Structure formats: structure tokens, C-alpha cells
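1. Here is the input, now give the coordinates:
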Amino acid sequence: MHPKDISKMSTEEFKNFLDSFDTVFTDCDGVLWLNDTPINGALQSLQMLESYGKKVVFVSNHSARSVEDYIVKFRTMNYEATADQIILPSQAVIWYLKKIGFQGKAYVIATQRFREVLTDNGIEVVTGPLDIEENMTGILSVLKPDPEIKAVIIDFDINMNWARLLRAVSILRNENVIFLIGPRDKKLPISKTQSLIGPGCFIDIIINHTNRTPIEYAKPCENLKNFIFEQFNITNPQRCIFIGDSLSADIKFAHLCGFIKLWVSSGVDSEDAIKENCEIMPDYYLKNLGVMKTLNQQ
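-> Numbering: from 1, shown residues only. Here you go, the predicted model:
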């Protein structure tokens, strides 16, 4: 069984497809743009869907940008996004910590933007070290306990180093400390031919060294699903569609939520991936989201 190629639909089939959902959830990187290069026609396709009364929401695992950063980025691409349209992992973390009545400091390995979101929401953040002395004194300084730290939160961090991994592992020896993790991607594509080392590589090191089972808050996980369902008061998930380029993150998340699944091969996963290692089959397929705009013009 293969996903239905929307580009090959008849006019009537395409109309029925558009009538099958009310809310559009979509990933950003690999669907709307690659790095800072827009995918031709993708945002125009979303504007077309909005013209038919569809609600559009952006769900990204990328927390190196704030909501305000995303709004600016969208504006440079001639799309006026609003804050309530943008869902990031950092928001799901805040939602979860507030839900459990979290008290205490959080040791955070993440970008500055991510840490700022936590701080702005009343979480006392501990970070670092950037570097240490290359001797036992330096190592022991990292291992020094801080009983006020009640959570370890791991996301993407450009300044990741051995000392930070060591400190996270040391803190997590206390089983009462909450262990929260973001995206587990091993590769972060920045173009069709180049990718960065993803946070999942470092998260795996911490999990393997501590034998701790983390609480996840990025796609694809239950906490993010619960956050989105509460945030948007979703009562009929079958009237929602999720658009993504990652089979293991986006399409798996869409399946978890009970959404219609639309996969585009413009990002992390190529067309070969769906033949070789596809755990959950998408419902629909497009080479890229921009194709949808051209179908509407036929």
C-alpha cells in the first residue's frame, strides 16, 4: 500500500480531499523552507487553504528560534503569521512543568532562545559550563551537586560539550530529578546534501549512561499531542491534517494524534525512504507542498 499522490487526483477528488479537513498542522523545516530558502509555492499553498476557511498551525521541533523569530521569518517570505499559530517544544515544556506544579531550578542544555522562554515563564535556569580545566579539579567542579536542581532538560545546543553531558548525567543520578528531552533526530538537514549532528546523538549518550527513561516533549510524543489538543480544543482529530517531511517524526506524530497524514519529500526523507524503512504509511503524498497551489489553479 502506498500513499495517494495528490498531484494525480482528478478535480473532483481534489475537491473531496480539501473538504475532508478543517485544520492544517504543518512542520516548517523541509516543508516550507530548507534552511533560509523557501520551498517554491509552499506558503502560497497554505494561503490558498486559508482562503477556503482552513485554520493553519505551525508545529516545529526547532527551538533555536523564538515565536517572535518565526513571525519575522514568515514575514520575510510574505506570510503574516500570528503567535497563536506557532507551536514549539519549549511551549510544551512550560505547559508540562506548570501542569505538575514544578518548583526548583532546571539544568538546561539548549539554545539561548529556548532558555529565555523558560526564564520568561518563571523557571530558574542553570546552564554551562562552556569549558573546564583539563584536570581532575575541573571534572570535580562539574560533579559538584546542587540540591535545588529538580529537572534536567535537553534540547538542541550549539555549545554542547563533554562537560555538559557529564553534568547532566551527574544530576540525573538523583532519581527524583525530572528528565525531559526534546527532538531525538540524529541528523538535522540544512540542504538536500548536508545535515548537522542532531540532539538525539547526545540524548542517547545520557540515556545509555543513566538508564533513565526521559519524558519527551517534541514530535512524535504524547505530551506534545496533549498540549496541542488542549491548546486548540480538538474534539475530532479526523478533521485535521498534518503535513510533514519526516516519516519518523511528523508522520508518526500525525498517526499518534489520529490526524490525516500528508508527507512531502522535499525535506529530510527522500522517496526511497518510504520504500525502505516506513513504519507508518502516510495517507497522502506530494513532491513538495507548492504543488498543491498549482492543482487548485487547474
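
2. give me the low-pLDDT residue ranges for the stretch 1-150 of the chain?
-> 1 (pLDDT under 70).

3. Count the residues that sit near the residue lying closest to L165 once chain neighbours are set aside.
-> Leaving aside its sequence neighbours, L165 sits nearest to I205 (Cβ to Cβ, 6 or more residues apart in numbering; 5.9 Å). Placement of C-beta: from N, CA and C, glycine included. Residues near I205, counting by other Cβ atoms under 10 Å, number 14.

4. again with V169
-> Neighbours of V169 (other Cβ under 10 Å): 19.

5. what residues are up against it?
-> Shown in contact with V169 (Cβ atoms under 8 Å, 6 or more residues apart in numbering): 206, 209-210.

6. Out of the residues you listed, who's the most crowded?
-> Busiest of the contacts of V169 [other Cβ under 10 Å] is I206, holding 21 neighbours.

7. wait, what's in contact with A273?
-> Counted by Cβ under 8 Å, 6+ apart, A273 has contacts L247.

8. That one and E148, how far apart?
-> 45 Å (Cβ to Cβ, to the nearest Å).

9. Same check on V67?
-> With distances taken as Cβ to Cβ, V67 is found 29 Å from E148.

10. When the two are compared, which one has more neighbours?
-> V67 (19 against 10).

11. For the stretch 151-298 of the chain, which segments count as helices?
-> 162-171, 199-210, 222-231, 252-257, 273-276, 290-296 (DSSP state H, counting those that start in this stretch).

12. Would you format those as TSV with distance to N135 included?
-> Compiled in TSV, the helices of the stretch 151-298 of the chain are given as follows (distance: least, Cβ to Cβ, whole Å):
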stretch	distance to N135
helix 162-171	12
helix 199-210	22
helix 222-231	40
helix 252-257	45
helix 273-276	46
helix 290-296	56
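
13. With distance to K186 and mean pLDDT added, can I get those helices in a markdown table?
-> Below are the helices of the stretch 151-298 of the chain laid out as a markdown table (distance: least, Cβ to Cβ, whole Å; pLDDT from 0 to 100):
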| stretch | distance to K186 | mean pLDDT |
| --- | --- | --- |
| helix 162-171 | 16 | 93 |
| helix 199-210 | 5 | 95 |
| helix 222-231 | 19 | 96 |
| helix 252-257 | 15 | 97 |
| helix 273-276 | 14 | 72 |
| helix 290-296 | 28 | 88 |
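
14. Quick check: which of those is buried the most?
-> Across those, the average number of neighbours (mean count of other Cβ atoms under 10 Å) peaks for helix 252-257, which reaches a mean of 22.

15. Distance from the chain centre to that one, please.
-> With Cα atoms, centre = their mean, to the nearest Å as the basis, helix 252-257 stands 13 Å off its chain's centre.

16. what's next to it, contact-wise?
-> 25, 59, 219-222, 224-225, 228-229, 237, 240-242, 244, 260-261, 279-280, 282.

17. which among these end up buried?
-> Neighbour-count burial (16 or more other Cβ atoms under 10 Å) is assigned, among those, to 25, 59, 219-221, 224-225, 228, 237, 240-242, 244, 260-261, 282.

18. Out of those residues, which sit inside strands?
-> 25, 59, 240-242, 244, 260-261 (DSSP state E).
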